[in-house]
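Student: Only the shape, not the letters, is given here:
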């Protein structure tokens, strides 16, 4: 192997695939990055056996070749170099990768690429295309609600459903449920649903930050894999294992009616919830919400947000409602779950629908029917 490329391009490529490098592993070679030449470009690949990432870096390739080297060492070295051309040469006999940039030279001992786990490919399957901003927003609004504990592995994933010209993402951890619907760029013939690890989708969300080209999804449930292909200034392919099992039938968990529906300005409600969370920390993380309709139609009503701790003290705040339907409502939430949903909704107006203090609360943005978030209540004495 003999090639040259720009330091900033190589650094960016290593930063991308570095997210898939195993941090601790029973298979030490997965802490390496696989370097090879492909179609006159430098190809970088990494895998932790759950997710595999590949990207291509523009390069002047003189000789083909492949090697695997420690990812952290190579990344830190490349990041320390000036923004100039890097010359890379592999001594095939010794397995040493030689790098030079300006006056800086390094020799990195590599390992036989045949020992590296094969990077999975998804050649055939259901192909769908989604606008990157739409998909990134959907991931941000849903993936955080997946479980982090492995006691029920299926809940550590996000159900991705495709059908017609729509897609949906759903995640639940037993205490809350987030569902986002969105549009595909083009209709697909087959209905399909799979469970993608939430960690995978979070990585995809990061990669979509400044993307403008559609993200392509290739599903191959028979193989138990899904491929996300991002094109644009740099092509990135991410292949993830799918989670096996049945995702809960979440439609039946969504309340179909309510006793009280209140609409609030989101920033005002979020600010009050953040203040209450300071006191809730020492009070079992409980935040109480008391929705009070206006009297005689003179005012739209308000919500009283409070938290208290026997040792530390208490806090109470009022947020004026835009409107309130129905009667008085009382509900208490875990402060983290309340803050999580208010933070991902970002801006605008939010509706809170409640039935009783022991029934789930439902949050919806008022400008769209595409998102719903259900949170189980905390049981408290009122």
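Tutor: Thanks, I have it. The shown structure was predicted, so the numbers you read here are calculated from the model rather than taken from an experiment. Numbers count the residues shown, from 1 in each chain.

Student: contacts, neighbours, all on C-alpha from now
Tutor: Noted.

Student: Relative to residue 173, how far out is the residue of the chain positioned farthest from its centre?
Tutor: In the chain, the greatest distance from the average C-alpha position (CA atoms, centre = their mean) is reached by residue 296, at 45.8 Å. From residue 296 over to residue 173 the distance is 41 Å, taken as CA to CA, to the nearest Å.

Student: go on, residue 20?
Tutor: With CA to CA as the criterion, residue 20 and residue 173 are 24 Å apart.

Student: Could you do residue 253 as well?
Tutor: Shown here: residue 253 relative to residue 173, a distance of 12 Å by CA to CA.

Student: of those two, who's got more company?
Tutor: When neighbours are counted by other CA atoms under 10 Å, residue 173 comes out ahead of the other of residue 253 and residue 173, with 18 against 12.

Student: Any regions of the stretch 151-300 of the chain where pLDDT drops low?
Tutor: 297 (pLDDT under 70).

Student: give me every residue that touches residue 374.
Tutor: By CA atoms under 8 Å, 6 or more residues apart in numbering, the contact set of residue 374 is 176-178, 254, 360-363.

Student: again, but for residue 144
Tutor: Neighbour list for residue 144: 171, 198 [criterion: CA under 8 Å, 6+ apart].

Student: is it true that it lies in a helix?
Tutor: Yes - with DSSP: H, G, I helix; E, B strand; the rest coil as the criterion, residue 144 is located in a helix.

Student: looking at this, residue 245 is in a strand?
Tutor: No - according to three-state DSSP, the state of residue 245 is coil, so it is not within a strand.

Student: how much space between it and residue 153?
Tutor: From residue 245 over to residue 153 the distance is 9 Å, taken as CA to CA.

Student: and if you look at residue 176?
Tutor: Summarising the geometry, the distance separating residue 176 from residue 153, computed by CA to CA, is 16 Å.

Student: Name the residue in those two with the higher neighbour count.
Tutor: residue 176 (22 against 14).

Student: contacting residues around the closest residue to that one other than its chain neighbours?
Tutor: Spatial nearest neighbour of residue 176, chain neighbours left out: residue 375 (4.4 Å); criterion: CA to CA, 6 or more residues apart in numbering. Neighbouring residues of residue 375 by CA under 8 Å, 6+ apart: 175-177, 333, 337-338, 360-362.

Student: Kindly reformat the residues you listed as TSV containing secondary structure.
Tutor: Conversion of the contacts of residue 375 to TSV gives the following (three-state DSSP):
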residue	secondary structure
175	coil
176	strand
177	strand
333	strand
337	helix
338	helix
360	coil
361	strand
362	strand
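
Student: and those as TSV, adding distance to residue 134?
Tutor: Conversion of these to TSV gives the following (distance: CA to CA, whole Å):
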residue	distance to residue 134
175	26
176	22
177	20
333	29
337	23
338	23
360	28
361	26
362	22
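
Student: Out of the residues you listed, the closest to residue 112 would be?
Tutor: Minimum separation from residue 112 among the contacts of residue 375 (CA to CA) is found for residue 177, which lies at 45.8 Å.

Student: That closest one and residue 247: what is the separation?
Tutor: For residue 177, the distance to residue 247 - CA to CA - is 12 Å.

Student: which of the two has more neighbours?
Tutor: residue 177 (21 against 18).

Student: That one against residue 145, yeah?
Tutor: Yes - assessed by CA atoms under 8 Å, residue 177 is found in contact with residue 145 at 6.5 Å.

Student: what is in contact with these two at once?
Tutor: With CA under 8 Å, 6+ apart, residue 177 and residue 145 have common neighbours residue 171.

Student: What residues does the spatially closest residue to residue 209 that is not a sequence neighbour make contact with?
Tutor: Residue nearest to residue 209 in three dimensions, not counting chain neighbours: residue 136, with 7.4 Å by CA to CA, 6+ apart. Neighbour list for residue 136: 204-206, 208-209 [criterion: CA under 8 Å, 6+ apart].

Student: Ramachandran coordinates for the most centrally placed residue in the chain?
Tutor: In the chain, the C-alpha closest to the average C-alpha coordinate belongs to residue 202, at a distance of 2.2 Å (CA atoms, centre = their mean). Residue 202 has phi and psi values of phi -60, psi -40 when expressed as degrees, to the nearest 10.

Student: I'd guessed it sits against residue 137; true?
Tutor: No - between residue 202 and residue 137 there is no contact, the gap being 11.0 Å when judged by CA under 8 Å.

Student: Excluding sequence neighbours, find me the nearest residue to residue 263.
Tutor: Closest residue to residue 263 in three dimensions, ignoring its sequence neighbours and counting by CA to CA, 6+ apart: residue 351, at 4.3 Å.
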